[in-house]
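Participant: here is my input; please provide its structure:
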Amino acid sequence: MLKANRFKFLVLAAVFFLLAFKHPFYLGVTDLKYNEKEKSLQGSVKLFTNDLEGALKKNHKNTVDLINVKNKEAVTIILYDYLKKHFELKVNDKKINYKLIGFEREEESVFMYLEFDKSELPKKVEVDNTLLYDHLKEQINIVEIEVNNFKKSLKCTNPEKNFNFEF
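Facilitator: You can find the predicted model right below:
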């Protein structure tokens, strides 16, 4: 079962990166890792730039230009607001708050870097992820989590939003 999920993830990720310029489907990837020294999860969310701009425009009633950012602080606030509405995480049944510590654009995508509050070693991680669901009916989100060098990944297609991991 685990190998099958890993294989599905790798195939989907390979297709995503090979076809990124054609953008035939809508995919977001969240990659999280538990840092034992810091006692917290850290990671990134990767979304296509034009899709994220479209969702932000719907939510904030203004155009947000992620390619030619003029005021990085203001855009960071807008991105964080969007994340808080569409991305939530629990570790061992406790909601964990997070900060958006930065973002950058790389080719056709935007990476948003997250740092979560301290938590005990994750045995159970629950993620609610509806990023871009309000903008794209076809959106697919993948979440990969690494705890103690053990990686797990899951995929959800709009309207599915719950990712549940056990370590």
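Participant: so where's this structure shaky on pLDDT?
Facilitator: Judged by pLDDT under 70, the chain has its weakly predicted residues at 1-24.
Participant: dump the residue contacts of Ala55.
Facilitator: For Ala55, the residues meeting the contact criterion (Cβ atoms under 8 Å, 6 or more residues apart in numbering) are Tyr82, Leu131, Leu132, Asp134, His135, Leu136. Backbone N, C-alpha and C define where each C-beta goes, glycine included.
Participant: only the buried subset of those residues, as a PyMOL command please.
Facilitator: In PyMOL, a selection of the buried entries from the contacts of Ala55 looks like this (16 or more other Cβ atoms under 10 Å):
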select buried, resi 82+131+132+134+135+136
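Participant: ok, the contacts of Ala55 vs Leu56, which is closest?
Facilitator: Using Cβ to Cβ, Tyr82 comes nearest to Leu56 of the contacts of Ala55, at 6.1 Å.
Participant: part of a helix, is the closest one?
Facilitator: Yes. With DSSP: H, G, I helix; E, B strand; the rest coil as the criterion, Tyr82 is located in a helix.
Participant: hmm, it is touching Leu56, no?
Facilitator: Yes. At 6.1 Å, Tyr82 counts as touching Leu56 under the criterion of Cβ atoms under 8 Å.
Participant: who's in contact with Phe87?
Facilitator: Phe87 makes contacts with Thr30, Val45, Val127, Asp128, Asn129, Thr130, Leu131, as judged by Cβ under 8 Å, 6+ apart.
Participant: about what we covered before: nearest to Asn148 among the contacts of Ala55?
Facilitator: Within the contacts of Ala55, proximity to Asn148 (Cβ to Cβ) peaks at Leu131, which comes in at 26.5 Å.
Participant: of the contacts of Phe87, which belong to helices?
Facilitator: With helices taken from DSSP state H, there is no overlap with these.
Participant: need those in JSON lines (columns: distance to Val147).
Facilitator: Listed next are the contacts of Phe87 as JSON lines, based on distance: Cβ to Cβ, whole Å:
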{"residue": "Thr30", "distance to Val147": "15"}
{"residue": "Val45", "distance to Val147": "18"}
{"residue": "Val127", "distance to Val147": "13"}
{"residue": "Asp128", "distance to Val147": "19"}
{"residue": "Asn129", "distance to Val147": "18"}
{"residue": "Thr130", "distance to Val147": "24"}
{"residue": "Leu131", "distance to Val147": "22"}
